[in-house]
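Trainee: how would this look folded up:
(one chain, ligands or ions: 1)
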Amino acid sequence: MAITTSPRGTADVFGENLQNWLKLERQIRAICRTYGYQELRTPMFEHTELFQRGIGETTDIVEKEMYTFTDRGGRSITLRPEGTAPVVRAYLEHKMGQGPLPVKLFYLGPMFRYERPQAGRYRQFHQFGLEVLGSADPLLDVETILLPVELYKACGLKGFVVELNSIGCSVCRPRYREELKEYIRPHLNEMCRSCQGRFERNPLRLLDCKIESCRAVLADAPLITDYLCPECSQHFAQVRSYLDLLQVEYKLNPKLVRGFDYYTRTVFEVTFAGLGAQNAIGAGGRYDGLVEEVGGSPTPAVGFAVGVERLLLALESEGSFAAEPPRPAGFIVQFGGETKVRAAQLMYELRRAGLHVEMDHLDRSVRAQMKAANRMNARWVLILGEEELAAQQVKLKNMDLGTEELVDLDAVIQCMQVEEE
Ligand code: HAM
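Mentor: Reported below is the predicted structural model:
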């Protein structure tokens, strides 16, 4: 194992890529402010039981994808594979439900899943998510769809599709489950091993299988939307009419199910075709039973999460999001000896005044220093030779305009700041 390589499924973020991340984070924070979401930062790890109970024992995530370990105190700890269960835990721990409702929270940070890494799928990845707790208003289901859509649009993304479904509640889903099982049972031996394994425990997940023979079996399967109870049916109708009102485009997909047990009613997924197999750039839904499952009183809630890496990949593929690389305000070229000493003093004075200024630290020739300034794309080059120093001046070159002038050393700040503004 090479210790100069990061663990499989993880990545360093730096350089241009980091600039894109920072730009996206700025967009995220701006949109959350406009929509009234407060940031919540939960720990990277939680008690394992939170996810077992919250996400569901028979889900892929809990069965085979969690980073779980016993800490030195003998507790079972899990690196968070997602953000919803931790938010619910924090909501209960800090009694947020006793304040004004609904509680609207967002988070941005790393998640961990032991999945087979491939393009767009990592073991450490990042999510921007939001959760609204304390209201069953279908308008909030719509808000959690609208917000990512507005974010994608603000970033310039075009080719994405919102798929929408309702998977009912604990009243109507059990009957559908049985109907679905009845339909599948005679064909079970035509289905893949994974579907056969899930059939008893989690038959809805079979609808999600990508294997052709399984899809063929399910082509005429009964649809959950035909089994919704009147309350769920009405809720779903309201979600759709608000989406229409707000002109959010979506595609109904009555076979859309999600890999978490906590969902009730609305589920949705945003896909971007250009990404290949891992094409979901965000997903979410309503989870009216989760707060109770984690130990609180019944509390309706809804939320979504965007995969940051996947969104950036999608943006990159459309070529619509390159962040401007940062540019130093100035680079001081000096001639060694006293000029270097004065240049150093000047550099820190300018930095103290809020200007990003660089100088050479490798004893390079004047020519090489000029090259370095060009490579960094500095706006100004400040040339400090013996003659300039004797006159307490510096030659200030504007690299964009190609102009230059001699400026008194104590007036440099003003000249550069005027230009910066
Ligand atoms: P999720 O569908 O598991 O939902 O993840 C949301 C998004 O995270 C995915 O659409 C995808 O963009 C990204 N993602 C998931 N796994 C990976 C991975 N291994 N590598 C890269 N990106 C990945 C949730 O996590 C729910 N907690 C969403 C939610 C919030 N539902 C209600 N509130």
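Trainee: Looks like Tyr37 contacts Tyr107 (just checking).
Mentor: No. Counting by Cβ atoms under 8 Å, Tyr37 sits too far from Tyr107 to count as a contact (9.5 Å). Glycine gets a C-beta too; all of them are placed from N, C-alpha and C.
Trainee: residues shared between the contacts of those two?
Mentor: Common neighbours of Tyr37 and Tyr107, using Cβ atoms under 8 Å, 6 or more residues apart in numbering, are Leu130.
Trainee: contacting residues for the residue in the stretch 201-350 of the chain that the ligand sits nearest to?
Mentor: Scanning the stretch 201-350 of the chain for proximity to the ligand using Cβ to the nearest ligand atom identifies Gly307 as nearest, at 2.3 Å. With Cβ under 8 Å, 6+ apart as the criterion, the residues that contact Gly307 are Gly120, Phe125, His126, Gln127, Ala280, Ile281, Gly282.
Trainee: what about Tyr37 and Tyr107, which has more around it?
Mentor: Using other Cβ atoms under 10 Å as the criterion, Tyr37 and Tyr107 rank with Tyr107 on top: 24 against 21.
Trainee: dump the residue contacts of the more buried one.
Mentor: Listed by Cβ under 8 Å, 6+ apart, the contact partners of Tyr107 are Glu39, Leu40, Arg41, Thr42, Gly83, Val87, Gln127, Phe128, Gly129, Leu130.
Trainee: The ligand contacts on the stretch 301-421 of the chain?
Mentor: Where proximity means Cβ under 6 Å from any ligand atom, the interface of the stretch 301-421 of the chain facing the ligand comprises Gly303, Phe304, Ala305, Gly307, Glu309, Arg310.
Trainee: circling back: same list, the contacts of Gly307, but as TSV with pLDDT and secondary structure please.
Mentor: As requested, the contacts of Gly307 are exported to TSV (pLDDT from 0 to 100; DSSP: H, G, I helix; E, B strand; the rest coil):
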residue	pLDDT	secondary structure
Gly120	94	coil
Phe125	98	strand
His126	98	strand
Gln127	98	strand
Ala280	96	strand
Ile281	97	strand
Gly282	98	strand
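Trainee: Please dump these into CSV; it should also carry distance to the ligand and neighbour count for every row.
Mentor: CSV is the format used below for the contacts of Gly307 (distance: Cβ to the nearest ligand atom, whole Å; neighbours: other Cβ atoms under 10 Å):
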residue, distance to the ligand, neighbour count
Gly120, 6, 19
Phe125, 3, 20
His126, 8, 21
Gln127, 5, 21
Ala280, 4, 16
Ile281, 5, 25
Gly282, 5, 28
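Trainee: what's the farthest-apart pair in these?
Mentor: Looking at these by Cβ to Cβ, the two members farthest from one another are His126 and Ala280, with 14.5 Å of separation.
Trainee: Now Gln238: which helix or strand?
Mentor: Secondary structure here is read from DSSP states H and E; on that basis Gln238 sits in helix 230-245.
Trainee: Pro248 is in contact with Val149, isn't it?
Mentor: Just to correct that, residue 248 is Val rather than Pro. Yes. Look at Val248 against Val149 with Cβ under 8 Å: they come within range, at 5.8 Å.
Trainee: The two: who's more crowded?
Mentor: Each of Val248 and Val149 has its neighbours counted (other Cβ under 10 Å); Val149 has more, 19 against 16.
Trainee: Make sure that one is indeed in a strand.
Mentor: No. Read with DSSP: H, G, I helix; E, B strand; the rest coil, Val149 is helix and lies in no strand.
Trainee: Can you give me the distance of it to Arg80?
Mentor: Here the distance between Val149 and Arg80 works out to 26 Å (Cβ to Cβ, to the nearest Å).
Trainee: ok, the spatially closest residue to Gln238 that is not a sequence neighbour - how many residues close by?
Mentor: Closest residue to Gln238 apart from its sequence neighbours, by Cβ to Cβ, 6 or more residues apart in numbering: Pro138 at 3.9 Å. Around Pro138 there are 22 other residues, counting by other Cβ under 10 Å.
Trainee: Likewise for the one 3 residues further on?
Mentor: Other residues within reach of Asp141, judged by other Cβ under 10 Å, total 31.
Trainee: Just confirm it is within a helix.
Mentor: Yes. The assignment for Asp141 by three-state DSSP puts it in a helix.
Trainee: start the count at 49, not 1, going forward
Mentor: That works, and once the first residue is 49, the last one we named lands at Asp189.
Trainee: who's in contact with it?
Mentor: Listed by Cβ under 8 Å, 6+ apart, the contact set of Asp189 reads His283, Val287, Tyr290, Arg313, Thr314, Gly333, Arg334, Val350.
Trainee: partners of whichever helix or strand Ala331 is part of, with directions?
Mentor: Secondary structure here is read from DSSP H and E; on that basis Ala331 sits in strand 328-334. Strand 328-334 has these partner strands in its sheet, going by DSSP bridges: strand 312-320 (antiparallel), strand 349-355 (antiparallel).
Trainee: Which of those strands sits closest to Lys445?
Mentor: With Cβ to Cβ as the criterion, Lys445 lies closest to strand 349-355 of the strands paired with strand 328-334, at 44.0 Å.
Trainee: quick one: average pLDDT of the closest one?
Mentor: Mean pLDDT, taken over the full extent of strand 349-355, equals 98.
Trainee: Return the alpha-carbon coordinates of that strand using CSV.
Mentor: Only the C-alpha atoms of strand 349-355 are listed here, as CSV (Å, rounded to 0.1, in the frame of the first residue of the first chain):
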residue,chain,number,x,y,z
ALA,A,349,-40.4,16.4,8.1
VAL,A,350,-39.0,16.7,4.6
GLY,A,351,-35.6,17.3,3.1
PHE,A,352,-33.1,16.6,0.4
ALA,A,353,-29.4,16.4,-0.3
VAL,A,354,-27.2,17.3,-3.3
GLY,A,355,-24.0,15.4,-4.0
